[in-house]
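>>> one predicted model, sequence on top.
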Amino acid sequence: MQKKDMVYISSGKAKDIYETSGNNLIFEFTDRVTAFDGKKKAEYQQKGEITCRLAEYWFRIMRQEGIPTHYISCPTPSSMLVKRLDIIPVEVIWRNYVAGSLLQRYEAGEARLPKGVKPEEGAQIPDGMIEFTTKFEVVDRPVDLKEIIFNGWLNEEEIEYITNLTEKINTILSRELCNSGIILGDFKVEYGRKTNREILLADEVGTPDGCRFWDNEEFEKGVIKSLDKDVFRKGKGDLGLAYVELFKRMQNS
């Protein structure tokens, strides 16, 4: 598909978005990477293609598992054709382990951990936990169910549906990653509505931009070896090499 056949809409942190005929969208996965609300920026060769191909890999698995998504196809290695949705302004985070902002907010007295869970990076959350944050605000923030319902972003039935769907997505991701020797620390997903208000999984899923992936062998030794954007956030090595390693391991699983 040529860009002359598309209308540019906007650019996000890592994707450029275009409208196509038929009211669908094209996501162009770029080599951009940002952290700390855009304060840290860089580009890594092949990042766009790797994240696109991983998202495609997972969307196909989700479809096989009965998860409704906006994915249609990938016209090129770095672009994805998707159904246009009304994006719900709530981002959903599923956590299997303590890490990132959860630990930071706990240490600041702004978040609680489930009973019995240690306040340290890499501590397992046995049954997992779900969190919701705003989307489209200058700096996204955690929100509780009362605010979500009050603002009309989701009703109680939709919250329950999304919670159950996200838990199922976690089960699918964790199962498949286990075959590659990778632990799923946490992940974030977005949802959107069709015109008939049916809710679909949107944006992307299972990419190292939106997940924490840890090497299981190193984790068992007490070391957290990241294969995700934390490599860039924490300056722990070459992000490009980490993404390539993750992609190869998924291909070989």
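Happy to help now that I have it. Numbers count the residues shown, from 1 in each chain.
>>> which outside residues touch the helix ranked longest in the chain?
For the chain, the helix that runs over the most residues, judged by DSSP state H, is helix 156-178. Contacts with helix 156-178, where a contact means CB atoms under 8 Å, 6 or more residues apart in numbering, come from 58, 61-62, 65, 67, 92, 94, 96, 128, 130, 145, 148-149, 154, 183-184, 187, 189, 191, 199, 201, 205-206, 211, 213, 216, 253. From N, CA and C alone the C-beta is placed, and that goes for glycine too.
>>> how does it look with 7 Å?
61-62, 65, 67, 92, 94, 128, 130, 145, 148-149, 154, 184, 187, 189, 191, 199, 205-206 (CB atoms under 7 Å, 6 or more residues apart in numbering).
>>> quick check: closest non-adjacent residue to the residue nearest the centre of the chain.
Centre of the chain computed as the mean C-alpha position; nearest residue by CA atoms, centre = their mean is residue 210, 3.2 Å away. Counting by CB to CB, 6 or more residues apart in numbering, residue 188 is the residue found nearest to residue 210 once chain neighbours are left out, at 5.0 Å.
>>> same check on residue 53?
With sequence-adjacent residues excluded and distances taken as CB to CB, 6+ apart, residue 53 is closest to residue 77, at 6.3 Å.
>>> doesn't residue 51 make contact with the one you found?
No: using CB atoms under 7 Å, residue 77 is not in contact with residue 51, being 10.7 Å away.
>>> these two: which has the busier surroundings?
residue 51 (27 against 13; other CB atoms under 10 Å).
>>> can you pull out the helices in this protein?
Here the chain has its helices, by DSSP H, at 47-64, 100-107, 145-150, 156-178, 216-220, 230-233, 239-251.
>>> check the offset of the second one from the chain's centre.
Going back to what we said before, that points to helix 100-107. 18 Å (CA atoms, centre = their mean, to the nearest Å).
>>> could you pull out the buried residues of it?
Of the residues in helix 100-107, 100, 101, 102, 103, 106 count as buried by neighbour count, 16 or more other CB atoms under 10 Å.
>>> got TSV for those residues, with distance to residue 118 and pLDDT too?
Below are the buried residues of helix 100-107 laid out as TSV (distance: CB to CB, whole Å; pLDDT from 0 to 100):
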residue	distance to residue 118	pLDDT
100	15	95
101	17	95
102	12	97
103	10	97
106	10	97
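>>> dump those to TSV, plus distance to residue 249.
Shown next, in TSV, are the buried residues of helix 100-107 (distance: CB to CB, whole Å):
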residue	distance to residue 249
100	22
101	26
102	26
103	26
106	31
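>>> among those, which two are most distant?
100 and 106 (10.8 Å; CB to CB).
>>> with that, I have no additional questions.
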